[in-house]
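Participant: Build me a model from this:
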Amino acid sequence: FFSPYSSDGAPKWTNCCLVSNATGSGRHAKTTEHCLDAGGRPGMGRCSWHDAPTIAPTLLELAKTGTIFDRYYVQPICTPTRGALMTGKYPSRLGLQHGVIGPDTPYGLPLNETLLPAYMGKLGYSVHGIGKWHLGHCSWDHTPTKRGFDSFYGYFNGATDYYTKVMSSITFSGFDFRHDTMGSDGKVEDKVLWSANTTYSTFLYTQQAKQVISNHDKSKPLFLYLPMQNPHFPAEVPSQYYEKYEGVVKDKQRRTLLAMVSALDDTVKAVVDTLKDTGLWDNTVFIFFSDNGGMLGIFSIGQINYPLRGGKATLWEGGIRSSSFIHSPLLKGGNVNSELMHVTDWLPTITHIGACGVETSNCTGPTFEDIDGVNQWSTIVGESESARSEFLVNYDQTDKNAAIRMGKWKLLQGFPGRGPWVPPPEINLKKYKEHMSHAGEDPWKFEYGRETETPRWISHHYKNKIQLYDVESDPYEKHEVSKENPNIVKMMLERLQVHKDKAVQPGNKDSDPKGNPKYFGGVWTPWLETC
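Facilitator: Next up, the predicted model:
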């Protein structure tokens, strides 16, 4: 949220509420190529404004009376997306391009990077984070309140249980829920919230968001970062939400997923209502997006990205094309914006709003010399075309793959991940169940049809393999056209190399036994002075 008021009560800045949900639920298309419907991640598919059976009236109303971003892209998985959001840089420049940060691995978002909350604090904002961090906690310097937040309420890792607040790595388990503030001595005041055990975490985030807004000093603008847990794994939801889909969705897995989105919708409603009750809503900009596509295969909890190809942790459109919208009483609504946007664009865009409000003229806002994001505010308000024509999808030296988007073209190098088209059970129950039950057991055989096509075969077969798609005329990536367009391939490979030259090696590290929660009273806690 952005909400700006000067000391005399007159609007000066704009409040901002930035809501990100942890794993999209999917979407499926109706008739158009670009405005796709709902499917299986709260990204492109299981969102009510894409006409899914999701019961999420608040999100639906905000999206339809706001501006829906139809070509908004994120990273294939959560840590890289969060790093890109916070820095305005591609993850390959941060060492975050491969997988996610494990709870006992001694690395995180590099400390030499200034993050979005720190920039907003410099602009005079009260800055609060509620929900999921997942950008490293090996040292206290890596934690949210040391990176610019005045307070942080939530959990450091990923896939924490909604009720017990326990998060388990391959080696260790521990409690992961806290309320941190910054003390006057510059040290983090860490309060582990044992009392949160047994309470559904979404209810706690709702309560905390309402409290932050209600207690906000109106002499300052407010920036609220609300990275919600729903509907990330594990699939857990209170019965009152599950019962909403009685007779609507038969598949139990899908029903649970959609119920988790409905719980998220109630949080959004409570936040909006509290902003209205406190008089902040009329000067607030509300931004919503999913951090990656829905997971497919045996690890899915019912997400669908159909008719997009692939899902979470892949370079296909189903893994990176996100559901997103912006809403504000300050802006004209009822629009669909089909301009190209990327998650790195939020840093320069949000800081522009923070400095200038919703004005696009006579104010330049902060400038950044070495980021990949671009200020898209004039594009968002419909005054210009997108400020970008390309973006790096990802470059991963460990997986030996890469992808880049330039104009209508998308080039893939190496193995981009499994790329099935999985329909929701409402369209094809048999095919849905086949993918969800068998794909994870033997994905190579299931997708490619031969037992010989093992991971080793895939690695060899896809080594340096080039694929090219026109994702404007072929958004579902069904027609590979590299042979027909050798000059385009050559140009894009040259441009891709420019991004590779800027990349650093992945920062991933092995598990550190010193990070075992048993040494910290059973709690996931920073364990190193420096890392």
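Participant: Is Q240 part of a helix or strand, or is it coil?
Facilitator: Judged by DSSP: H, G, I helix; E, B strand; the rest coil, the three-state class of Q240 is helix.
Participant: Would you map the strands across the stretch 351-500 of the chain?
Facilitator: For the stretch 351-500 of the chain, the strands defined by DSSP state E, counting those that start in this stretch occupy 390-396, 401-406, 409-413, 466-470.
Participant: and the first one, C-alpha only, in CSV?
Facilitator: As requested, C-alpha coordinates have been extracted for strand 390-396 and formatted as CSV (Å, rounded to 0.1, in the frame of the first residue of the first chain):
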residue,chain,number,x,y,z
GLU,A,390,12.7,-7.5,-23.6
PHE,A,391,13.6,-9.3,-20.3
LEU,A,392,15.8,-12.2,-19.2
VAL,A,393,13.6,-15.1,-18.2
ASN,A,394,16.5,-16.7,-16.3
TYR,A,395,20.1,-17.9,-16.7
ASP,A,396,21.0,-20.9,-14.5
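Participant: 220 is where my numbering starts, stick with that
Facilitator: Sure, I'll start numbering at 220, so the last one becomes strand 609-615.
Participant: how about the nearest residue to G402, chain neighbours excluded?
Facilitator: E408 (4.6 Å; Cβ to Cβ, 6 or more residues apart in numbering). In this view, the C-beta of every residue, glycine as well, is placed from N, C-alpha and C.
Participant: got it, and L445?
Facilitator: Excluding its sequence neighbours, the residue lying closest to L445 (Cβ to Cβ, 6+ apart) is V238, at 4.7 Å.
Participant: ok but the one you found is inside a strand, no?
Facilitator: Yes - with three-state DSSP as the criterion, V238 is part of a strand.
Participant: my read: it touches F505, true?
Facilitator: Yes - contact criterion Cβ atoms under 8 Å: V238 and F505 qualify, at 7.2 Å.
Participant: hmm, back to that, let me know how buried the residue nearest to L445 is, in neighbour terms.
Facilitator: Neighbour count of V238, defined by other Cβ atoms under 10 Å: 23.
Participant: if we can go back for a sec, pipe the strands of the stretch 570-719 of the chain into CSV and attach distance to G538 per row.
Facilitator: Formatted as CSV, the strands of the stretch 570-719 of the chain follow (distance: least, Cβ to Cβ, whole Å):
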stretch, distance to G538
strand 609-615, 9
strand 620-625, 10
strand 628-632, 12
strand 685-689, 14
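Participant: thinking again about what came up before, what residues are up against the residue nearest to L445?
Facilitator: 445-447, 487, 490, 505-508 (Cβ atoms under 8 Å, 6 or more residues apart in numbering).
Participant: Now do stretch 735-749: distance to the chain's middle.
Facilitator: 27 Å (Cα atoms, centre = their mean, to the nearest Å).
Participant: And that stretch, what's buried?
Facilitator: 735-736, 742-746 (16 or more other Cβ atoms under 10 Å).
Participant: From the rest of the structure, what touches it?
Facilitator: With contacts defined as Cβ under 8 Å, 6+ apart, stretch 735-749 is touched by 322-323, 325, 356-362, 375-376, 386, 390-395, 397, 409, 411, 731, 733-734.
Participant: try 6 Å this time
Facilitator: 322, 325, 356-359, 375, 391, 393-395, 411, 733-734 (Cβ atoms under 6 Å, 6 or more residues apart in numbering).
Participant: And for stretch 549-564?
Facilitator: Here stretch 549-564 has contacts from 253, 284-293, 300, 303-304, 307, 577, 591-593, 595, 598, 605, 607, 610, using Cβ under 6 Å, 6+ apart.
Participant: send the alpha carbons of it over as PDB?
Facilitator: Extracted in PDB, the C-alpha atoms of stretch 549-564 (Å, rounded to 0.1, in the frame of the first residue of the first chain):
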ATOM      1  CA  LEU A 549      -6.800   7.700  -7.700                       C
ATOM      2  CA  LEU A 550      -6.800   5.900 -11.000                       C
ATOM      3  CA  LYS A 551      -9.200   5.200 -13.800                       C
ATOM      4  CA  GLY A 552     -10.200   1.500 -13.600                       C
ATOM      5  CA  GLY A 553     -11.900  -1.100 -15.700                       C
ATOM      6  CA  ASN A 554      -8.800  -1.700 -18.000                       C
ATOM      7  CA  VAL A 555      -6.700  -4.600 -19.200                       C
ATOM      8  CA  ASN A 556      -3.100  -3.600 -19.800                       C
ATOM      9  CA  SER A 557      -1.400  -5.800 -22.400                       C
ATOM     10  CA  GLU A 558       2.000  -4.100 -22.300                       C
ATOM     11  CA  LEU A 559       5.100  -6.100 -21.400                       C
ATOM     12  CA  MET A 560       6.000  -5.900 -17.700                       C
ATOM     13  CA  HIS A 561       8.400  -7.700 -15.400                       C
ATOM     14  CA  VAL A 562       8.700  -8.100 -11.600                       C
ATOM     15  CA  THR A 563      12.000  -6.000 -11.600                       C
ATOM     16  CA  ASP A 564       9.900  -3.000 -12.800                       C
END
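Participant: Please verify my assumption that I287 contacts F544.
Facilitator: Yes - judged on Cβ atoms under 6 Å, I287 makes contact with F544 at a distance of 4.7 Å.
Participant: returning to what we had before: inside strands: which ones of the contacts of V238?
Facilitator: Per DSSP state E, strands hold the following members of the contacts of V238: 445-447, 505-508.
Participant: all strands of the stretch 320-469 of the chain, in order?
Facilitator: So, for the stretch 320-469 of the chain - with DSSP E, counting those that start in this stretch - the strands run 345-351, 370-374, 385-387, 392-394, 397-401, 407-411, 441-447.
Participant: Just name the most buried of those strands.
Facilitator: Each of these was scored by mean neighbour count; the highest is strand 441-447, a mean of 27, by mean count of other Cβ atoms under 10 Å.
Participant: Direction included, what does that strand pair up with?
Facilitator: Paired strands of strand 441-447, with direction, are strand 234-240 (parallel), strand 345-351 (parallel) (DSSP bridges).
Participant: Any chance you could list what contacts that strand?
Facilitator: Taking Cβ under 6 Å, 6+ apart as the rule, strand 441-447 contacts 220, 222, 234-240, 339, 344-351, 435, 483.
Participant: Off-centre distance for that strand?
Facilitator: On Cα atoms, centre = their mean, the centre of strand 441-447 falls 13 Å from that of its chain.
Participant: and it with strand 370-374, angle?
Facilitator: Interaxial angle of strand 441-447 relative to strand 370-374 (axes from the mean of the first three to the mean of the last three Cα atoms, to 10 degrees): 0 degrees.
Participant: before we move on, back to that, tell me the two of the buried residues of stretch 735-749 that are most distant?
Facilitator: Farthest-apart pair in the buried residues of stretch 735-749 is N735 and P745; separation 12.9 Å (Cβ to Cβ).
Participant: could you dump the strands of the stretch 320-469 of the chain to CSV with mean pLDDT?
Facilitator: Output for those, formatted as CSV (pLDDT from 0 to 100):
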stretch, mean pLDDT
strand 345-351, 97
strand 370-374, 98
strand 385-387, 96
strand 392-394, 98
strand 397-401, 96
strand 407-411, 97
strand 441-447, 96
